[in-house]
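**Student:** Could you work out the structure for the sequence below:
(2 chains)
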Amino acid sequence: NAGVTQTPKFRVLKTGQSMTLLCAQDMNHEYMYWYRQDPGMGLRLIHYSVGEGTTAKGEVPDGYNVSRLKKQNFLLGLESAAPSQTSVYFCASRGNPTYEQYFGPGTRLTVT
Amino acid sequence: AQSVTQLGSHVSVSEGALVLLRCNYSSSVPPYLFWYVQYPNQGLQLLLKYTSAATLVKGINGFEAEFKKSETSFHLTKPSAHMSDAAEYFCAVDGGSYIPTFGRGTSLIVHP
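**Tutor:** Numbers count the residues shown, from 1 in each chain, chains lettered A, B, ... in the order given. Coordinates of the predicted model:
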């Protein structure tokens, strides 16, 4: 039981490049979330999903897209990376009726 | 609407001293409340949660928190700090929307 895993762990992009971050969970959870963490800002929700095939915008969705084609996977895409997207990205999942979230180890992204 | 305020971005204690991390919340409905801990270069992990059962909640590593509705608070305490407690701590509130709101975090520094 691996919990929540994220790929890759580190990435450096040039401005304008694109990439996809992969999140996978093996707990059969319905809810999945993508956050970014910046110093002094806590966690900010980018997008979330309440089930396979559904996605919704969070607090800071601009510049990101997501897909949830399979229940266990939640992909976060950056179509044209900007330096403002330099951050640590965390994926989380949550089951029902449990209330707490389970977090992945994070992806550290630098955009130059 | 829901919100969380963590008082103090940094808290410094001596090893063996009492740890007190403050969290105040706002929620229009009875909330679920959480404390998460983040060690350097890791994801968040659940310390404890309040889900409308006992108001005094015990978590891992000797931490506990008390839900006080009249004060809209959920402060985290530990009687005796250990060096290994040095980490970032996040309080979160969920008013039943399955989209928790996180505080900005409190960095706990433990001096020998």
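**Student:** next structured bit after the lengthiest strand in chain A?
**Tutor:** In chain A, with assignment by DSSP state E, the single longest strand is strand A:42-51. Once the chain leaves strand A:42-51, the next helix or strand it forms, by DSSP states H and E, is strand A:54-57.
**Student:** Which other helices and strands does whichever helix or strand comes after that next one contact?
**Tutor:** Note on strand A:54-57: by DSSP H and E, the next helix or strand toward the C-terminus is strand A:65-67. Where contact means 3 or more CB pairs under 8 Å, 6 or more residues apart in numbering or on different chains; DSSP states H and E, strand A:65-67 is packed against strand A:42-51, strand A:73-78. Any C-beta I mention is one placed from the backbone N, CA and C, and that applies to glycine too.
**Student:** ok, the longest one: who's next to it in the sheet?
**Tutor:** Read that as strand A:42-51. Using DSSP bridges, strand A:42-51 pairs in its sheet with strand A:31-38 (antiparallel), strand A:54-57 (antiparallel).
**Student:** contacts for it?
**Tutor:** Applying CB atoms under 8 Å, 6 or more residues apart in numbering or on different chains, the contact partners of strand A:42-51 are A:30-38, A:55-61, A:64-66, A:68, A:71, A:74, A:76, A:89-90, B:44, B:90, B:98-99, B:102-105.
**Student:** hmm, which of those residues are the buried ones?
**Tutor:** A:31-37, A:55, A:58, A:60-61, A:64, A:66, A:68, A:71, A:74, A:76, A:89-90, B:44, B:90, B:98-99, B:102-105 (16 or more other CB atoms under 10 Å in any protein chain shown).
**Student:** Excluding residues flanking it in the chain, which one is nearest residue A:99?
**Tutor:** Leaving aside its sequence neighbours, residue A:99 sits nearest to residue B:32 (CB to CB, 6 or more residues apart in numbering or on different chains; 4.8 Å).
**Student:** Check the gap between that neighbour and residue B:40 for me.
**Tutor:** Between residue B:32 and residue B:40 the computed distance is 27 Å (CB to CB, to the nearest Å).
**Student:** Would you mind telling me which of the two has the busier surroundings?
**Tutor:** Remark: of residue B:32 and residue B:40, residue B:32 carries more neighbours, 19 against 7, as counted by other CB atoms under 10 Å in any protein chain shown.
**Student:** Do you know the pLDDT at that one?
**Tutor:** Note for residue B:32: predicted pLDDT of 90.
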